[in-house]
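In: Structure for the following, please:
(4 chains)
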There are 2 protein chains.
Amino acid sequence: MEVQLQIKMNDKLFLRDPEQTELGKKIIRHSIQLIHKNGFELFTFKKLAEDIGTTEAGIYRYFENKHRLLVYLTAWYWGWLQYHLVFNTNNINDPAVKLKKVIHLLATTVVDDAKTIHINEALLHQIIITEGSKAYLTNHVTEDNKEQLFKPYKDLCAVIAEIILEYNSKYKYPRSLASTIIEMAHFQNFFMTNLPALTDFGKSKDELKVALFLEDLVFSSIRKK
Amino acid sequence: MEVQLQIKMNDKLFLRDPEQTELGKKIIRHSIQLIHKNGFELFTFKKLAEDIGTTEAGIYRYFENKHRLLVYLTAWYWGWLQYHLVFNTNNINDPAVKLKKVIHLLATTVVDDAKTIHINEALLHQIIITEGSKAYLTNHVTEDNKEQLFKPYKDLCAVIAEIILEYNSKYKYPRSLASTIIEMAHFQNFFMTNLPALTDFGKSKDELKVALFLEDLVFSSIRKK
DNA sequence: TTTTCAAAGATAGTATTACTATCTCTGTCA
DNA sequence: TGACAGAGATAGTAATACTATCTTTGAAAA
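Out: Here you go, the predicted model:
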């Protein structure tokens, strides 16, 4: 049996739903490749259009601008990750085991998911590490947030906070700890590869160690005192 | 007695040292104001030149491009902060007290420092919160890092890691914890103001609570077990 | 079968951005 | 007296970030 996975997306994220057409899917697939290759700053709709074999105007029918496309990609990623998280922690009762799963899911390499043909999750994961925070680090965060563009991120954070409270209902900072786990899973990974002096994993470059650091951090904090 | 403070800067950060001329100082002062007002994406050398009353070409004599200017500002900030950190923790022996100082210095509002006339540290602090990570989240981090552009950040991280080891020499992740403190001091602040659902301080919007969260996180992790 | 209409191709054009180049003026240090 | 650094003035270019409009195509509704 072949299963296909579709992440339901907020329609404020696009002008025309890229999941619904061939061109739309090409935009997603090729933008992931191009951003991964050149970084978000050097990425332009012109280059993307040339890559796909369409025109700039064609891309603009789907996304208002390249920032919105980045927000779309991040939103998709967080939605996909939450699906996996819920799927992987299903039937597990022990919140400690759940939390460890969460940390590993966030901190270690993602493998391409065959259930989404037009998205290479491994590349997307790398993009989120380097470019993810640029989705909200703008002077129009507030307006974007009002349009619910960051809902998938906030939902994921809420799910993790929930598990933290299951472990210790008295812990005072479940949401902040959840966003810390998410951000640090990515930043420590980025640092390890690019600015190793900022981590303790520079020599080994082993992302499992990032996960162990986060586990230590989280369980020390939330253990009942 | 009037004291003037000069942070020694790596000369790879600029083409002509902005601290040495009137125009240079104006560039720094006005760029801080403009980036704070419009955000880094909308900031251009043209606007800056108009603001100052000089020309674009004039700015380009000091900085290769706007990204380099951002890197300069962040480097300056980390240098300045490390000076304050060392100054404030001088003569303190208890590493726990030192660490609390560090956390508060990082997490709470900076007041303008009269010792640096052309730099408004309060505004600069806000800029670092929103734009700081964009200094290194690029596809040319590695080259920039080779030019030592991020040295002040890494030095600060090393100083904090040192204090962590003073507290508990057995702790396994001093650097990663240090970079976590630095990043989270800023991110939790940003989230509190702009995406409050990602924190536990949304209602109060009290940056002291960010500091308390970080204290709890840090001391839980490094306490001797 | 015809019409209708959404999607996308084709082409053009604009304001702004991100630079580079060159020439002149001015003040100062040697 | 002149040499030279710093900066003002002006011009120009390639690329970026869009917007507009017109045509073609293919598939479904009338």
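In: got the contact list for stretch A:79-94?
Out: Contact partners of stretch A:79-94, identified using Cβ atoms under 8 Å, 6 or more residues apart in numbering or on different chains, comprise A:5, A:7-9, A:97-98, A:101-102, A:105-106, A:113, A:116, A:119, A:121, A:152, A:155-156, A:159-160, A:163. C-betas here are computed from N, CA, C, even on glycine.
In: Filter those residues down to the ones in helices?
Out: Under the assignment DSSP state H, the contacts of stretch A:79-94 contribute A:97-98, A:101-102, A:105-106, A:121, A:152, A:155-156, A:159-160, A:163 to helices.
In: Can you lay out the residues you listed as JSON lines showing neighbour count?
Out: Formatted as JSON lines, these follow (neighbours: other Cβ atoms under 10 Å in any protein chain shown):
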{"residue": "A:Val97", "neighbour count": "12"}
{"residue": "A:Lys98", "neighbour count": "22"}
{"residue": "A:Lys101", "neighbour count": "16"}
{"residue": "A:Val102", "neighbour count": "26"}
{"residue": "A:Leu105", "neighbour count": "17"}
{"residue": "A:Leu106", "neighbour count": "23"}
{"residue": "A:Glu121", "neighbour count": "22"}
{"residue": "A:Pro152", "neighbour count": "23"}
{"residue": "A:Asp155", "neighbour count": "14"}
{"residue": "A:Leu156", "neighbour count": "23"}
{"residue": "A:Val159", "neighbour count": "18"}
{"residue": "A:Ile160", "neighbour count": "26"}
{"residue": "A:Ile163", "neighbour count": "21"}
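In: Remind me which helix or strand A:Glu215 belongs to.
Out: Using DSSP states H and E, A:Glu215 sits in helix A:207-222.
In: Is chain B within reach of that helix?
Out: Yes - using Cβ under 8 Å from any Cβ of the partner chain, we find that helix A:207-222 touches chain B at A:Val210, A:Phe213, A:Asp216, A:Leu217, A:Ser220, A:Ser221.
In: Of the ones in helices among the contacts of stretch A:79-94, which are in range of chain B?
Out: Answer for the ones in helices among the contacts of stretch A:79-94 near chain B: none qualify (Cβ under 8 Å from any Cβ).
In: Tell me the one of these nearest B:Thr199?
Out: Minimum separation from B:Thr199 among these (Cβ to Cβ) is found for A:Ile160, which lies at 13.1 Å.
In: which residues touch the closest residue to the closest one other than its chain neighbours?
Out: With Cβ to Cβ, 6 or more residues apart in numbering or on different chains as the criterion, A:Ile160 has its nearest non-adjacent residue at 3.8 Å, and that residue is A:Ala178. By Cβ under 8 Å, 6+ apart, the residues touching A:Ala178 are A:Cys157, A:Ala158, A:Ile160, A:Ala161, A:Ile164, B:Leu198.
In: now A:Val3: how far from A:Trp78?
Out: Counting by Cβ to Cβ, to the nearest Å, the separation of A:Val3 from A:Trp78 is 21 Å.
In: who has more neighbours, those two?
Out: Counted by other Cβ atoms under 10 Å in any protein chain shown, A:Val3 and A:Trp78 do not tie: A:Trp78 has more neighbours, with 23 against 6.
In: wouldn't that one be in contact with A:Leu149 here?
Out: No - A:Trp78 is beyond contact range of A:Leu149, at 10.9 Å (criterion: Cβ atoms under 8 Å).
In: how many other residues sit next to A:Asn194?
Out: 19.
In: Please report how far it lies from A:Lys66.
Out: 23 Å.
In: same question for the helix holding A:Glu215, mean pLDDT?
Out: Regarding helix A:207-222, the rounded mean pLDDT is 98.
In: longest helix of chain A?
Out: Per DSSP H, chain A has its longest helix at helix A:66-89.
In: circling back to that earlier point, pull out the buried members of the contacts of A:Ala178.
Out: Listed as buried from the contacts of A:Ala178 are A:Cys157, A:Ile160, A:Ala161, A:Ile164, B:Leu198; burial here means 16 or more other Cβ atoms under 10 Å in any protein chain shown.
In: Now do the same contact list for the nearest residue in space to the third one that is not next to it in sequence.
Out: The one in question is A:Ala161. Counting by Cβ to Cβ, 6+ apart, A:Ala161 lies nearest to A:Pro174, which is 3.8 Å off, once chain neighbours are set aside. With contact set as Cβ under 8 Å, 6+ apart, A:Pro174 has these partners: A:Ala161, A:Glu162, A:Ile164, A:Leu165, B:Asp200.
In: what's in contact with stretch A:47-61?
Out: Applying Cβ under 8 Å, 6+ apart, the external contacts of stretch A:47-61 come out as A:Leu15, A:Arg16, A:Leu23, A:Lys26, A:Ile27, A:His30, A:Ser31, A:Gln33, A:Leu34, A:Asn38, A:Phe45, A:Lys46.
In: Just give me the neighbour total for the fourth one.
Out: Just to be clear, that refers to A:Lys26. Other residues close to A:Lys26 by other Cβ under 10 Å number 19.
In: residue contacts, it?
Out: A:Lys26 neighbours (Cβ under 8 Å, 6+ apart): A:Ile52, A:Thr54, A:His118.
In: run the last query once more with 10 Å
Out: With contact set as Cβ atoms under 10 Å, 6 or more residues apart in numbering or on different chains, A:Lys26 has these partners: A:Pro18, A:Leu48, A:Asp51, A:Ile52, A:Gly53, A:Thr54, A:Gly58, A:Ile59, A:His118.
In: residues from chain A in reach of DNA strand C?
Out: Residues of chain A that fall close to DNA strand C, judged by Cβ under 7 Å from any atom of the strand: A:Arg16, A:Gln20, A:Thr21, A:Glu22, A:Leu23, A:Gly24, A:Thr54, A:Thr55, A:Glu56, A:Ala57, A:Gly58, A:Arg61.
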